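1. below is the sequence, then the predicted model.
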Amino acid sequence: MILIYEREVPRSARAALPTVLEAHMRLPRQIAETGGRIISGNALPPVSEAVSVRDNVTVEGSLVGGAHTVAGYFIVEASDLDHAVWIGRMIPVADGWVEVRPVLTH
C-alpha cells in the first residue's frame with residue numbers, strides 16, 4: 001500500500017495542481033512499465049470531512065495531529081518491497097511524501 005500525505009488536500013480533482021493531476025494520470029502506464037500494477041487507489045477529501053471514532057466516541061476530523069494528512073492511497077502489486085518503494089518514488093506529491101507499507105494477508 002502506498003499512502004500519500006499532503007499538507008493541503010484539494011476538495012476535488014479539479015482543485016488539484018494541474019501538474020500533479022497530469023502526473024497521476026500517467027501513473028498506471030509508468031507502473032506497468034516496471035512490471036507492477038495499480039490494483040486500486042483513491043484520493044481522499046480534506047480531513048475536515050472525516051469523522052474519527054475512539055472508545056466508541058465520535059469526533060469531527062482526524063485524531064492524528066500534524067501539518068500533513070493522508071490525501072490518498074494506492075494498492076499496488078509489486079514483486080517485493082523494493083519494487084513497491086520504486087513505484088512509490090513515482091507518485092507525485094505537491095507538498096508532502098508517500099509511505100510504502102506491505103499489506104498483511106492471511
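-> Thanks, I have the structure now. Quantities reported herein were computed from a predicted structural model and do not represent experimental measurements.
2. can you get me a residue count around the nearest residue to Pro10 once chain neighbours are set aside?
-> Excluding its sequence neighbours, the residue lying closest to Pro10 (C-beta to C-beta, 6 or more residues apart in numbering) is Ala16, at 4.5 Å. Backbone N, C-alpha and C define where each C-beta goes, glycine included. Using other C-beta atoms under 10 Å, Ala16 is surrounded by 19 other residues.
3. now do the contacts for Ala16.
-> When contacts are counted by C-beta atoms under 8 Å, 6 or more residues apart in numbering, Ala16 is found next to 10, 43, 94.
4. wait, Pro45 sits on Glu6?
-> No - judged on C-beta atoms under 8 Å, Pro45 makes no contact with Glu6 at a distance of 11.9 Å.
5. the more surrounded of the two?
-> Glu6 (22 against 13).
6. now that one: how far from Pro102?
-> 23 Å (C-beta to C-beta, to the nearest Å).
7. what does Gln30 give?
-> Taking C-beta to C-beta, one finds Gln30 at 21 Å from Pro102.
8. the two: which is more packed in?
-> Gln30 (13 against 10).
9. nearest residue to the more buried one other than its sequence neighbours?
-> Nearest non-adjacent residue to Gln30 (C-beta to C-beta, 6+ apart): Met90, at 5.6 Å.
10. and the lengthiest helix in the chain, what's buried?
-> For the chain, the helix with the greatest residue count under DSSP state H is helix 18-33. Using 16 or more other C-beta atoms under 10 Å as the test for burial, helix 18-33 gives 20, 24, 27, 31.
11. other SSEs contacting the host helix or strand of Glu99?
-> Secondary structure assignment for Glu99, by DSSP states H and E: strand 96-100. Judged by 3 or more C-beta pairs under 8 Å, 6 or more residues apart in numbering; DSSP states H and E, the packing partners of strand 96-100 are strand 2-6, helix 81-88.
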